[in-house]
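In: Sequence first, predicted model second:
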Amino acid sequence: MTSHEADHREAAPADDETAPRQRADRWQDVEAMARANTSVVARGFDVQGSVADFNAGSLNTGSISSSFALPLSWYKLNYSAGKRRILCGLTGTALPSRCLAILGSSGAGKTTFLNAVCDRLAESSTLKLSGRCQLGDTPYERSHRRALGFVTQDDIVSALSTPADALWFSVRTRRGLSPAEARQRVEETLETLRLVHCRDTQVGIPGLVAGLSGGERKRCNIGIELICDPKVLLLDEPTSGLDSVTSAKVVHLLRTLSREGRTVIYTIHQPTAEVMSNFDDLMLMTQGRVAYHGTSSNALDYFESIGFRCPDKYTPTDYFMTLLQDYVTSKVLIKRWRVYLKKGGQRTPHTAAVRLAPSKDESVAAKYLEGYIRKFGSSSLVQFTELTKRCMVEMLRSRLYISAHASQSLLFAITMGLIFLNIRDNVAGIQDREGLLFSTVMNRSMGPCFIMVNAFFNVRAVYTREQAAACYSPLTYFLSRSIAELPHAALFHSTRVHHPLLHGGAARGAGELLLLLRCDCPRVADSNRSRLHALCPPAVADGGVCHGTAGAHAAGRCRRSFRKHHSPAAVLVLPGEAVLHAPRLHSCLAQ
């Protein structure tokens with residue numbers, strides 16, 4: 001074992017509860033090791049380029065392509081939750097046509113950083129965000145969110161949708177493209193992401209519903225943002241849950257996408273050497289601070305320059321992660337990086353924000369973004385149509401949804417029919433009829449409410465992601481969902497056929513007559529009592545008497561309707577209607 005490896009083993013990860021005195025001793029040991037190993041590389045190390053060169057060209061020179069790609073910059077970015085600082089004074093730039101990989105241990109602030117630069121962090125009296133983000137030479141505004149694509153760590157795609165459906169919905173609700181243009185964009189994106197072979201396969205749910213593989217689901221999630229042609233693409237852990245081969249394919253795909261002029265930033269955890277070979281730039285984070293930000297190829301030289309030489313048995317990423325996970329060593333790395341930035345000529349395009357334009361009118365990026373964002377003008381009618389269509393298609397594809405609700409409706413009808421079979425014509429019978437009325441009305445009014453709550457819980461993650469991407473407004477979603485539920489309501493709640501219960505003693509053999517009452521409110525137990533008295537003849541509604549012209553007209557309508565349709569035929573119950581068994585009501589109506 002070499003002396004460096006022995007010293008490095010001394011700097012193994014430590015518990016945060018280590019005594020202050022012991023930490024101080026280890027701090028001195030790591031500092032001494034770094035000073036002893038500092039070589040000539042430290043004095044001669046420099047990354048190509050300078051802030052002056054980068055700012056001089058503004059947005060028209062350098063690596064920016066003719067398609068007007070935009071660098072994403074952040075300046076003194078801070079985020080705190082109470083007394084805890086999650087992001088601490090971050091400054092830097094992600095260059096266009098390049099991939100920036102953010103590497104760090106869990107809790108280093110990687111995901112928080114991505115959410116901060118795209119304005120997705122919550123702010124309150126305890127959660128405070130400060131600093132500045134910018135696209136090119138113009139400050140970032142909320143309207144610029146359409147120019148950014150954000151891919152979450154979890155693959156949030158509707159389980160009943162196919163890749164073609166998901167891409168079509170995304171481009172139709174977010175971009176003002178005609179159906180022909182949208183269809184062409186879908187085909188191009190499917191081919192780019194290598195999803196043509198599974199375009200009509202349902203996404204599914206891992207472990208529950210068979211569907212796409214992990215890599216296909218991840219590429220579909222990327223395609224939902226990619227199809228809208230974002231200038232900056234942000235991805236949170238795009239390789240999580242994937243094997244090494246699939247991870248390498250996904251990262252290689254991201255590098256290919258960046259070569260089209262996009263700025264691609266993604267967080268990653270414990271990448272392999274093959275995955276790292278696709279990094280253009282690398283940003284190492286620990287404890288909410290930066291330990292390195294520059295080109296991936298110069299990372300090893302930088303660490304060797306500050307006294308941390310990667311052993312032969314380590315891959316670079318494993319070695320970086322080992323250093324970042326140690327509390328004391330990470331403190332030293334943060335301090336060394338701060339000292340490195342203070343050296344003359346050591347600041348690079350990666351570690352400085354782009355110089356802002358004097359005014360918005362003089363900003364080239366602002367003028368470009370104004371025209372670019374205008375392309376995202378999808379109408380509310382298109383959004384409503386696509387939402388309604390998607391909801392209906394998903395309901396038809398969900399066999400469990402249809403069978404469960406059909407069984408529920410049938411079971412309720414059979415149960416109520418058996419419980420209230422052969423009700424007697426006495427005081428107890430009147431109370432039984434009240435119970436039937438209450439049970440039926442509550443089931444018809446409250447049942448759909450629970451169905452909607454359960455349905456929204458299942459699609460909540462998709463709704464939240466689409467709301468953040470400005471796919472549609474909450475009102476549009478509510479209206480489309482309500483319209484899509486109408487066929488379901490017509491099938492399982494409206495077309496209820498109640499056959500009169502034939503029993504002895506019924507005049508003309510008609511059995512029992514069903515009287516329909518409209519239900520407008522869940523609290524029908526009391527509110528419908530007055531309607532019952534107004535519509536029913538004497539001795540029907542709790543023995544109440546029908547008074548007034550309204551009651552007389554209602555009784556007359558019931559009498560004429562009964563005489564016209566009097567037969568043991570079925571009676572159709574409309575949506576939200578309550579059912580009252582009125583035995584021998586025809587004898588009253590015939591009077």
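Out: That came in fine, so what should we check first? Residues are numbered from 1 along each chain as shown.

In: where does residue 264 land on pLDDT?
Out: Looking at residue 264, its pLDDT is 94.

In: Now do it against residue 102, distance only.
Out: 11 Å (CB to CB, to the nearest Å). Using the backbone N, CA and C atoms, a C-beta is placed for each residue, glycine as well.

In: Residue 330 now?
Out: 15 Å.

In: Now do the buried residues in the helix or strand encompassing residue 328.
Out: Element membership of residue 328, judged by DSSP states H and E, is helix 327-342. Across helix 327-342, burial judged by 16 or more other CB atoms under 10 Å covers 327, 328, 329, 330, 331, 332, 333, 334, 335, 336, 337, 340.

In: Can I get it as CSV, trimmed to CA atoms?
Out: Only the C-alpha atoms of helix 327-342 are listed here, as CSV (Å, rounded to 0.1, in the frame of the first residue of the first chain):
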residue,chain,number,x,y,z
TYR,A,327,-17.1,15.2,5.4
VAL,A,328,-13.6,16.5,6.1
THR,A,329,-12.2,15.8,2.7
SER,A,330,-15.2,17.5,1.0
LYS,A,331,-14.5,20.6,3.2
VAL,A,332,-10.9,20.7,1.9
LEU,A,333,-12.1,20.3,-1.7
ILE,A,334,-14.5,23.2,-1.3
LYS,A,335,-11.7,25.4,0.2
ARG,A,336,-9.2,24.4,-2.5
TRP,A,337,-11.7,25.2,-5.3
ARG,A,338,-12.4,28.6,-3.8
VAL,A,339,-8.6,29.3,-3.7
TYR,A,340,-8.2,28.0,-7.2
LEU,A,341,-10.9,30.5,-8.5
LYS,A,342,-9.2,33.4,-6.8
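
In: what packs against that helix?
Out: For helix 327-342, the packing partners by 3 or more CB pairs under 8 Å, 6 or more residues apart in numbering; DSSP states H and E come out as helix 20-37, strand 281-286, strand 289-295, helix 316-325.

In: Following element in sequence after it, please.
Out: By DSSP H and E, the next helix or strand past helix 327-342 is helix 364-373.

In: who does that following helix touch, helix- and strand-wise?
Out: Looks like helix 364-373 contacts strand 138-139 (3+ CB pairs under 8 Å, 6+ apart).

In: The nearest residue to residue 391 once chain neighbours are set aside: helix or strand, and which one exactly?
Out: Nearest non-adjacent residue to residue 391, counting by CB to CB, 6 or more residues apart in numbering: residue 484, 3.4 Å away. Here residue 484 sits within helix 474-489, counting by DSSP H and E.

In: Report the rounded mean pLDDT for that helix.
Out: 84.

In: Check which residues of that helix are buried.
Out: Result for helix 474-489 [16+ other CB under 10 Å]: buried residues 476, 477, 480, 481, 484, 485, 488, 489.

In: Check the helices and strands packed on helix 327-342 for me: which has the lowest mean pLDDT.
Out: Across the helices and strands packed on helix 327-342, the lowest-scoring stretch is helix 20-37, with a mean of 54.

In: low-scoring stretches of the stretch 451-591 of the chain, by residue?
Out: 451-452, 455, 491-591 (pLDDT under 70).

In: And the stretch 151-300 of the chain, by the same measure?
Out: 207.

In: what's the domain layout of this protein?
Out: Each domain of the chain is listed here as a residue range: 65-375, 380-534, per the TED database.

In: hey, which of the ones you listed is tucked in deepest?
Out: With neighbours taken as mean count of other CB atoms under 10 Å, those reach their highest mean count in domain 65-375, at a mean of 19.

In: can you pull out the helices in the stretch 401-550 of the chain?
Out: 427-468, 474-489, 524-535, 548-565 (DSSP state H, counting those that start in this stretch).
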